[in-house]
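Visitor: give me the fold of what follows.
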Amino acid sequence: MDDHPVVRAALRDLIVATPHFVLVGLASSGEEALRDLARLSPQLVVMDVIMPGIGGIEAARIMVSTDPEVAILLISVEDPSAYLDECDRCDRIACLRKQALSTDELSLVWSALSN
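Guide: Modelled structure (predicted):
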């Protein structure tokens with residue numbers, strides 16, 4: 001999920017290109033992602049930290065409290081972990097710089113979060 005259409009398209013392409021991953025939805029805001037959570041039941045949500053309205057960190061907090069099985073990958077151009085409080089650092093949330101996104105990194109993050 002990202003509020004920029006070009007980044008959303010790149011994320012879509014990355015997820016589709018990652019072996020064993022299936023894209024179940026795209027969202028342009030935290031609000032939209034939260035509405036889709038129950039309907040789509042994603043195992044992994046990839047979302048930008050900073051967006052208008054409900055940002056990625058707040059959406060991640062709500063998602064993990066709503067569905068403890070969902071894994072969240074927060075992404076940002078800057079180090080996304082710098083935005084997290086200690087209470088946000090749970091075993092269902094990971095952080096990665098957008099520049100580091102690749103099919104290999106996505107698979108590694110999923111492997112770490114799904115254990």
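
Visitor: so which residues of the protein form strands?
Guide: Here the chain has its strands, by DSSP state E, at 44-48, 71-76, 93-97.

Visitor: can I get those strands in JSON lines with mean pLDDT and distance to L11?
Guide: Heads up, the C-betas are built off the backbone N, CA and C, glycines and all. Below are those laid out as JSON lines (pLDDT from 0 to 100; distance: least, C-beta to C-beta, whole Å):
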{"stretch": "strand 44-48", "mean pLDDT": "93", "distance to L11": "6"}
{"stretch": "strand 71-76", "mean pLDDT": "92", "distance to L11": "8"}
{"stretch": "strand 93-97", "mean pLDDT": "89", "distance to L11": "12"}
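
Visitor: list the buried ones in stretch 51-59?
Guide: Neighbour-count burial for stretch 51-59, with 16 or more other C-beta atoms under 10 Å as criterion, is recorded at 51, 54-57, 59.

Visitor: and that stretch, how far apart are its ends?
Guide: Stretch 51-59 has an end-to-end distance of 10 Å (C-alpha to C-alpha, to the nearest Å).

Visitor: now stretch 31-47
Guide: Across stretch 31-47, the terminal residues are separated by 12 Å (C-alpha to C-alpha).

Visitor: and stretch 34-47, by the same measure?
Guide: 12 Å.

Visitor: contact partners of that stretch?
Guide: The contact list for stretch 34-47 (C-beta atoms under 8 Å, 6 or more residues apart in numbering) reads 1-2, 11, 15, 21, 24-25, 27, 30, 33, 54, 56, 59-60, 62-63, 66-67, 69-75, 106, 109-110, 113-114.

Visitor: buried subset of these?
Guide: 1-2, 11, 15, 21, 27, 30, 33, 54, 56, 59-60, 63, 67, 70-75, 106, 109-110, 113.

Visitor: distance of the closest residue to D79 other than its chain neighbours from D13?
Guide: Sequence neighbours aside, R97 is the residue nearest to D79 in space, at 6.3 Å (criterion: C-beta to C-beta, 6 or more residues apart in numbering). Separation of R97 from D13 (C-beta to C-beta, to the nearest Å): 18 Å.

Visitor: since that was my last question, I'll sign off now.
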